[in-house]
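Participant: pasted the sequence and its predicted model underneath.
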Amino acid sequence: MVNWILKKIFGSKNQRELRRMAPMVCRINEFYDQFKALPDDDLRAKTSVWKEELSKISDPEEQWHRLDQVLPEAFAVVKNAARRLKDRHHAFTVCDQPMTWDMVHFDVQLLGGMVLHRGRIAEMATGEGKTLVATLPLYLNALTGRGAHLVTVNDYLARRDAEWMGQLYTFLGLTVGCIQHDQEPDMRRQQYACDITYGTNSEFGFDYLRDNGMATTREQQVQRGYHYAIVDEVDSILIDEARTPLIISGPSTISTHQYDKWKPLIEQLVRKQTMLCNRVASEAVEAFEKSDVELGGRLVFKVKLGQPRNKQLLRMMEDPDKRRAIDKAELSFYQDTRKEELFQLKEELFFTIDEKSNEADLSEQGRTFLNPDDPNAFVLPDLISEFTEIDLDPSLSDEEKDKKKSERQQHCDAQAERIHNISQLLRAYCLFEKDVQYVVEDNKVVIVDEFTGRKMPGRRWSDGLHQAVEAKEGVQIDRETQTLATITIQNYFRLYQKLAGMTGTAETEAAEFHDIYKLDVNVIPTNRPVQRMDHNDRIYKTRREKYNAVIAEIKDHHAKQQPVLVGTVSVEASELLSRMLKREKIPHNVLNAKFHMQEAEIVARAGQPGTVTISTNMAGRGTDIKLGFGVPELGGLFVLGTERHEARRIDRQLRGRCARQGDPGASRFYVSFEDDLMRNFGAADRMTKIMERFGLEEGQELEHRWLNKSVETAQKRVEQRNYLIRKRTLDFDDVMNMQREVVYTYRNEVIDSEDPRTLIYEVIDEAVPAKVTEFLEIDEPNYTGLIHWVNTTFPLGLTQEKAQFDTRSVNENAQFLIGKVKEAYERKSGHEEPTAVKSLERYIILNAIDRLWQEHLYAMDALREGVYLRGYAQKDPLIEYKTEAYDMFVELMANIKNEVLHNLFRSTSNLQAFENFLATLPQFFLKEDAPTAPTANALARMRQPQPAMAGVAMDGDGAGEMPVDLPVRRSLPKVGRNEPCPCGSGKKYKNCCGRTA
Ligand code: ADP
């Protein structure tokens, strides 16, 4: 075997790398032979010896190094265990199915294991046994005792693989766990405590968010670090899933949507547009009949702008002449010199829709229709000019100017909200199709992953789009939710010290893996030479012709009992094909990734004689299709793709489902000019020419390997675009990620701290001087302001005479105050129960972090939306976002500290202690402007039952009756964060008194 590998290996970088690994395979096999004679116990003992040794190495780098040395022996031990289980016909159950162990690692699998151990991606074709490959590096890396994770695409596979491969691990004395969706925290903790843990990416990710963003004690956390992970189907998880971040959310406090209100009007508008487009399309047909190709092209282009999925339009696109005229018109309109004309053309419609960029824009006509009295209600005002005008108006006082500006700002916000709502509704109506992008179930809109056909319950489109689709479908519109915690899959996996992945198809996306995850791809040769025949694509003019040909081909194979696996790109297409097959009375199974376990079984049977299985890309993935009796003689499994996917990778996945382990098999793709890929990204011009040259008749097909190339060029174009979109998402999320890391690290420090008082004092040490500087380090030191702040935050009862601020330097004043605050705090906590006081202190900080962090997430969401609007002003949204996000974060950290100060004396572990403390207060207070002692009334109010840890934040209104006066901001009417601060400082409210609000 090794010889065969060696023979295949020369030349490319990949091959050189593999060649360098080949001698290691020999070494593993030598050890394997040596260990054969060992009794079970001695083989097993190696695990504990290594574990013991590695546990003594504290430096992770050194640990990795030692693992490299242990590798050949450790892999040999695992292979030996597999051999023993096989020889003994070891029987067990997996997901309640009886099984017998029948595998011993092949040499190529050893190679794959090495690649995974090195933190790379191993590309191994389907059926090469990746599940078994993972056992090698998982065993090796678990020896560190720091936990090794295997990430699967669904819960079923996690359980199946944990139970299946668990046979090996337990034989060798390691523990294995498995995370499942419905597990309680205790159970999860146990699973994570195991040496090896299987689970899905979302479970791992959500556990991370709960542990770091929500748990308030170590005991509540379930995970124990991010050491080593292997991601199965790594392309599917890191690339396909990466587009929707994991979000934990709660209902938002404010809801502003107006979807219900606008829905009827938008429905009418869409109907009007449809009528208009149909009319224009008919005119186009007429123009073409009169041989006025230019006019025809222009008209059809207009239809395309207004209704990209118009039926007549699609039909005209089939005709080579018309198609060329349309392409020509389109091309010429996008020239710079015709900008005006393009604008005119758009204005003749009610709105325009761009399929590629997913955007919708109202025209003047559309705006007038929606609001005949005030079409400007849908135009963003030019705020900058308005502000300048206000500033230049000599008749206005500064106050009036501010007031006017704030009015204009509010007006603009309302306008933006309205435009946003309408544009989301237009997108919902014109670009989102039921049963393609989403399904409606139990009165809910459930997203369907376009790539995989998999439903994604619980996930929602962001930015109000989900509500817009809910409005369109007339289902309950869920409240907007507020993000409590969020992370992208990418950033979750970047937490791991070492990350590896395996898949059948990574090569085409190798650049992305390298750039974003620093993961290199190694392609592992197959165990046996591949026997698959990949036929050329068959290309048709229309979908209808294509499907007819597909059915004919299925019938052919079915007639001779050869099994066929039919791949579709959407749930809708699966159902259409199924109906067509029913008409032909061909029995078949339809899978669309709804029930993983059942599906895995159906897919496993897809290689039996005479079976026809229709499946979306994702359905039953990770399940191996074994050929039934007599099937190899019929040519093996025939894979038929009904459409080329946007990404070549997904097509390769489909192809790879046949011809495993040297089996025979064949594949063919069917394409039509009406497919989305061809319509949007096809080399339309060239295709049109080819069609003309061949003078295609109805039902006739094109087939040539050059055509495969054209299709692939289109695919590459989309891949590139999608990569850029993902990269962009990530660029934005990176900003968030750094902030999240800082906040989560701080949070964990608080949770872990044995002596939280030091953290509290750190806050005092930092926040008090900052405030003092704010009040005093200005042209005219604001002593009254400072005193007021002190007395509203701490029960110090300071007076001007007592404080004597003007006799000291700013720094001395800060030190003076710090001393006072700490002294008072010592006194307060002296009255508390010593055991409770620590949790109380932790709680004060955590509470501040959580509340403000969530607010911050909300603001960041808004910022992200906002910067895109600025994109129009020729500014790079990303740079804008980064700068503002940084400022907001600095503000957040300051706010957290101020909030801690604010709550320091307003929280107690026990009311008696608090009362005792309050009783000692009057001695601090000195006459005049000092707040008065608490009244019976205030105490009575505080005695009301409070959640033990919720603290006694003394909110009230009558300033006089509180022992600690309420900050100014509470006694004033509610002020918007961006409005000028009512204290008259001239700053925005959020940057002034509103800081801790
Ligand atoms: P992949 O995920 O690479 O497509 P699987 O892990 O599902 O492949 O394994 C495919 C099939 O090959 C399984 O049925 C498994 O039992 C079998 N298999 C894997 N490795 C071996 C081996 N070393 N010897 C025998 N059978 C194996």
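Facilitator: Everything's here; your move. Numbers count the residues shown, from 1 in each chain.
Participant: can you tell me which residues contact residue 507?
Facilitator: With contacts defined as C-beta atoms under 8 Å, 6 or more residues apart in numbering, the neighbours of residue 507 are 123, 521, 523. Where C-beta positions appear, they are placed from N, C-alpha and C, glycine not excepted.
Participant: for the last one, what are its contacts?
Facilitator: Meaning residue 523. Residue 523 neighbours (C-beta under 8 Å, 6+ apart): 14, 123, 507.
Participant: change it to 6 Å
Facilitator: 14, 123 (C-beta atoms under 6 Å, 6 or more residues apart in numbering).
Participant: in a markdown table, list the contacts of residue 507 along with secondary structure.
Facilitator: Compiled in a markdown table, the contacts of residue 507 are given as follows (DSSP: H, G, I helix; E, B strand; the rest coil):
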| residue | secondary structure |
| --- | --- |
| 123 | strand |
| 521 | strand |
| 523 | strand |
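Participant: among the residues you listed, which ones lie close to the ligand?
Facilitator: Contacts with the ligand are made by none of the contacts of residue 507, judged by C-beta under 6 Å from any ligand atom.
Participant: so who does the residue in the stretch 401-550 of the chain that the ligand sits nearest to touch?
Facilitator: Of all residues in the stretch 401-550 of the chain, the one sitting closest to the ligand is residue 504 (6.5 Å; C-beta to the nearest ligand atom). For residue 504, the contact set (C-beta under 6 Å, 6+ apart) comprises 125-126, 653, 656.
Participant: same question, residue 78
Facilitator: 135-136, 139.
Participant: before we move on, what about residue 670?
Facilitator: Residue 670 neighbours (C-beta under 6 Å, 6+ apart): 538, 546, 550, 642.
Participant: look at it and give its secondary structure.
Facilitator: strand.
Participant: go on, residue 34?
Facilitator: helix.
Participant: what parts of the stretch 851-997 of the chain come near the ligand?
Facilitator: Checking the stretch 851-997 of the chain against the ligand by C-beta under 6 Å from any ligand atom, there are no hits.
Participant: in the stretch 851-997 of the chain, where is pLDDT below threshold?
Facilitator: For the stretch 851-997 of the chain, applying pLDDT under 70 flags the ranges 868-874, 908-997.
Participant: could you redo the last one with a cut-off of 80?
Facilitator: In the predicted model, the stretch 851-997 of the chain carries pLDDT under 80 at residues 858, 861-862, 865-876, 906-997.
Participant: residue of the protein nearest the ligand, please.
Facilitator: residue 129 (2.5 Å).
Participant: that residue: neighbouring residues, count only.
Facilitator: 20 (other C-beta atoms under 10 Å).
Participant: and it, what pLDDT?
Facilitator: pLDDT for residue 129: 91.
Participant: for it, which residues are in contact?
Facilitator: Residue 129 neighbours (C-beta under 6 Å, 6+ apart): residue 109.
Participant: ramachandran angles for it?
Facilitator: Main-chain dihedrals, residue 129, degrees, to the nearest 10: phi 80, psi 50.
Participant: swap in residue 750?
Facilitator: phi -60, psi -50.
Participant: ok, now residue 532?
Facilitator: Dihedral angles (degrees, to the nearest 10) for residue 532: phi -70, psi 140.
Participant: who does it form a beta bridge with?
Facilitator: Applying DSSP bridges to residue 532 yields these beta-bridge partners: residue 665.
Participant: just give me the neighbour total for it.
Facilitator: Other residues close to residue 532 by other C-beta under 10 Å number 19.
Participant: going forward can the numbers begin at 11, since that is how I track them
Facilitator: Let's use 11 as the start, then, which means that last one is residue 542.
Participant: that one contacts residue 678, correct?
Facilitator: No. Between residue 542 and residue 678 there is no contact under C-beta atoms under 6 Å: 11.2 Å.
Participant: re the thing from before, filter the contacts of residue 514 down to the ones close to the ligand.
Facilitator: residue 136.
Participant: pull the most distant pair out of the contacts of residue 514.
Facilitator: 135 and 663 (10.2 Å; C-beta to C-beta).
Participant: so what's the most centrally placed residue in the chain closest to, chain neighbours aside?
Facilitator: Nearest to the mean C-alpha position of the chain, counting by C-alpha atoms, centre = their mean, stands residue 255 at 1.6 Å. In this structure, residue 255 finds its nearest non-sequential neighbour in residue 498, 4.3 Å apart by C-beta to C-beta, 6 or more residues apart in numbering.
Participant: same check, this time on residue 679
Facilitator: residue 651 (3.9 Å).
Participant: how about the contacts made by that neighbour?
Facilitator: Counting by C-beta under 6 Å, 6+ apart, residue 651 touches 577, 664, 679.
Participant: let's go with 7 Å and repeat that
Facilitator: Neighbour list for residue 651: 577, 661, 664, 679-680 [criterion: C-beta atoms under 7 Å, 6 or more residues apart in numbering].
Participant: repeat for residue 433
Facilitator: Residues counted as contacts of residue 433 (C-beta under 7 Å, 6+ apart) are residue 370.
Participant: could you list the buried residues of the helix or strand containing it?
Facilitator: Residue 433 belongs to helix 408-440 when assigned by DSSP states H and E. Neighbour counts over helix 408-440 (16 or more other C-beta atoms under 10 Å) mark 411-412, 414-416, 418-419, 425, 428-440 as buried.
Participant: stretch 899-908 now?
Facilitator: 899, 901-908.
Participant: contacts only, for residue 318.
Facilitator: Residue 318 touches 363, 365, counting by C-beta under 7 Å, 6+ apart.
Participant: how about it, phi and psi?
Facilitator: Phi and psi for residue 318, reported as degrees, to the nearest 10, are phi -60, psi -20.
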